[in-house]
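Enquirer: missing the sequence, but the structure's below:
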């Protein structure tokens, strides 16, 4: 019989500064992953999986033993191993994934040296269109992102692309007639084997940009200095980049396939984006709507917003509930 996890949890510690609090909760087994899907938020532990919900339990977090529901579909056979299919409910591009796996780049920042050699999209009528990269390029990513960045009704595909000479960049693709084409790209980092991780895609004005449209927020070299950048596509299709918006951030651990170490959250001051500091022992509010939040240990699991709280876990598997 299912029972609330609050019966299985023990409150370990709570620290507070001003209105902020971090509650550390011990589970029956160490937390190995935090997973958020359209169907809910889950914690995988060494003793099983639980569904997390706000409630009258320690730290305001209750959970029930459950299986994860709503996971994205894995990429088709022959596509990027461990890749997933991105989906969209509207627009011309409805599905996208990385194909033609290749080891020609050899960086291995995501746990192996196999990267995508092509981008495949599927349109509203089921037509598949593939863009194959030049030999000097790979998609150093796991799942593309489908977003209508400029609000014109046609979708863009947001990718992380790396080159043999310049390292990683954000590259945007879209359909032009029946062809899949590059629309724009950020600057490359400047040398090979240097990577970036996308943290969020938000309305441009949320990121402080003086335009409509959307802003891609990312961290260059999250393992070495962690430099925040914004890439904005305005409603007229123009693209503007702002580099070194902040430093000392990290939203990825070398060798991990977990890319979700950041979370968007609605606060009293609007939308805020939380990204860990370089040592992953502090959460930083990068849009300036809140103060830094000290953590009891370094986090290496996904950070998700659950109502008015954040949920994540530390390297040693401690579940954290954060009230920013």
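Expert: Looks like it arrived, so ask away. Bear in mind the structure is a predicted one, so any value in this text is a computation, not a measurement.

Enquirer: now do the SS call for residue 302.
Expert: coil (DSSP: H, G, I helix; E, B strand; the rest coil).

Enquirer: is it true that it touches residue 253?
Expert: No: contact between residue 302 and residue 253 fails when scored by C-beta atoms under 8 Å: they sit 11.4 Å apart. Glycine gets a C-beta too; all of them are placed from N, C-alpha and C.

Enquirer: which neighbours do these two share?
Expert: Listed contacts common to residue 302 and residue 253 are residue 261; contacts here mean C-beta atoms under 8 Å, 6 or more residues apart in numbering.

Enquirer: ok, the spatially closest residue to residue 260 that is not a sequence neighbour to residue 269 distance?
Expert: The spatial neighbour of residue 260 that comes closest, neighbours along the chain excluded (C-beta to C-beta, 6 or more residues apart in numbering), is residue 302 at 3.7 Å. Distance of residue 302 to residue 269, given as C-beta to C-beta, to the nearest Å: 24 Å.

Enquirer: and what of residue 315?
Expert: Residue 315 is 31 Å from residue 269, by C-beta to C-beta.

Enquirer: now do residue 278
Expert: Residue 278 is 25 Å from residue 269, by C-beta to C-beta.

Enquirer: pick out whichever of these two has more residues nearby.
Expert: Set residue 278 next to residue 269 and count neighbours by other C-beta atoms under 10 Å: residue 278 wins out with 17 against 11.

Enquirer: touching, the more buried one and residue 221? I think so.
Expert: No: applying C-beta under 8 Å, one finds residue 278 not in contact with residue 221, separated by 10.1 Å.

Enquirer: overlap of the contact sets of those two?
Expert: By C-beta under 8 Å, 6+ apart, no residue touches both residue 278 and residue 221.

Enquirer: low-confidence ranges, the stretch 201-324 of the chain, go.
Expert: When residues are selected by pLDDT under 70, those of the stretch 201-324 of the chain lie in 289.

Enquirer: where do the helices sit along it?
Expert: With DSSP state H, counting those that start in this stretch, there are no helices along the stretch 201-324 of the chain.

Enquirer: if residue 312 is in a bridge, with which residues?
Expert: residue 320 (DSSP bridges).

Enquirer: same question, residue 283
Expert: Applying DSSP bridges, one finds that residue 283 bridges with residue 276, residue 293.

Enquirer: distance of it from residue 260?
Expert: In terms of C-beta to C-beta, residue 283 sits 14 Å off from residue 260.

Enquirer: the two: which is more packed in?
Expert: Legend: neighbour count by other C-beta under 10 Å for residue 283 and residue 260, higher for residue 283 (28 against 18).

Enquirer: surely the more buried one meets residue 274?
Expert: Yes: applying C-beta under 8 Å as the test, residue 283 and residue 274 come out as touching, 4.7 Å apart.

Enquirer: anything in contact with each of those two?
Expert: With C-beta under 8 Å, 6+ apart as the test, residue 283 and residue 274 both reach 293, 303, 310, 324.

Enquirer: tell me which of these is nearest to residue 172?
Expert: Proximity of the shared contacts of residue 283 and residue 274 to residue 172 was ranked by C-beta to C-beta; the top entry is residue 303 with 25.1 Å.

Enquirer: contacts for stretch 265-279?
Expert: Under the contact criterion C-beta under 8 Å, 6+ apart, stretch 265-279 has outside partners 199-200, 202, 206, 217, 219, 225-226, 228, 248-251, 261-264, 282-287, 289-290, 292-293, 298-299, 303, 305, 308, 310, 324.

Enquirer: once you drop chain neighbours, what's closest to residue 66?
Expert: residue 51 (4.0 Å).
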